[in-house]
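need the 3D shape of this:
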Amino acid sequence: MNTGRIDFYTKVHKGLRASLFQLSQRAAASDYADPQDLATLRTFVKATLAQLSSHAMHEARFIHPLLTEKTGESSFDAEHDALETDQAQLEQRLESVSSAPHSERRALGLAFYRALNVFIARYLEHLAREEETMPVLWDQCTDEELAAVMAAFGASRPLGEALADIGWMLPALSAPEQSELISGMARSLQSRDVL
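So this is what the prediction gives:
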């Protein structure tokens with residue numbers, strides 16, 4: 001449903017889903033007995049999980065307070081904590097592949113790959129639950145309240161971080177969404193006197 005109103009979730013969640021699907025594919029195609037393949041995968045895992053953690057932190061800081069104010073509760077901080085625990089366990093599991101005897105790495109790698117996809121399934125359900133709250137916020141919030149959240153979020157981020165986010169989000173978006181994202185970024189930069 002496109003209401004034409006500010007949507008906190010759709011674009012960024014499309015980007016996160018794309019990152020997770022790419023991670024799953026990379027984990028599937030990796031040879032866990034090959035040190036170079038394993039090192040490349042470890043770098044990709046760390047970057048993707050850091051992306052998820054950063055996203056969770058931004059939601060907790062800017063969206064969850066509004067959600068709690070308008071609905072009286074938000075279970076998403078607890079969900080984020082559980083997902084962070086899962087992410088740490090995934091990283092530890094991948095590290096254990098690296099330190100295992102060479103003959104065991106492929107079997108441990110397959111176990112990691114399967115655990116990763118169980119995590120991704122849980123994460124996708126989490127994203128869907130968050131998205132279900134947007135119509136509630138549209139019903140409970142004025143456009144000014146929604147815009148204030150986005151403005152505070154935009155002002156809190158270094159330019160490099162904002163530009164990096166654009167880089168991983170754009171390929172996951174439709175052409176109209178790409179245009180909206182770029183226009184929004186241009187407005188944000190103008191408000192900072194960067195352009």
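
which residues of the protein fall in helices?
10-29, 35-58, 64-71, 76-99, 105-131, 134-140, 143-156, 159-169, 175-191 (DSSP state H).

buried sites along the shortest one?
Applying a neighbour-count criterion of 16 or more other C-beta atoms under 10 Å, one finds 134, 137-138 buried in helix 134-140. In short, each C-beta sits where N, CA and C put it, glycine included.

ok, now the third one?
Under the neighbour-count criterion of 16+ other C-beta under 10 Å, helix 64-71 has 64, 66-67 buried.

which residues does that helix contact?
For helix 64-71, contacts defined as C-beta atoms under 8 Å, 6 or more residues apart in numbering pick out 74, 76-77, 133, 136-137, 140-141, 145, 149.

list just the nearest of these to Tyr113.
Tyr113 lies nearest to Phe76 out of these, by C-beta to C-beta, at 27.6 Å.

and Leu38, what does it touch?
30-32, 97-98, 105, 109.

which among these count as buried?
30, 32, 97, 105, 109.

I'd like these as a markdown table, with pLDDT and distance to Pro176 appended.
Formatted as a markdown table, these follow (pLDDT from 0 to 100; distance: C-beta to C-beta, whole Å):
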| residue | pLDDT | distance to Pro176 |
| --- | --- | --- |
| Ser30 | 98 | 35 |
| Tyr32 | 98 | 41 |
| Val97 | 97 | 42 |
| Arg105 | 97 | 45 |
| Gly109 | 98 | 40 |
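
list the buried residues of stretch 72-90.
74, 76, 79-80, 83, 86-87, 90.

for stretch 14-22, same thing?
14-16, 19-20.

any idea how far it is from the chain center?
Relative to its chain's centre, stretch 14-22 lies at 8 Å (C-alpha atoms, centre = their mean, to the nearest Å).

got the contact list for that stretch?
By C-beta under 8 Å, 6+ apart, stretch 14-22 touches 48, 51-52, 55, 120, 123-124, 127, 165, 168-169, 171-173, 177.

domain map for this protein?
Split into domains by automatic domain parsing, the chain comes to 10-156, 161-195.
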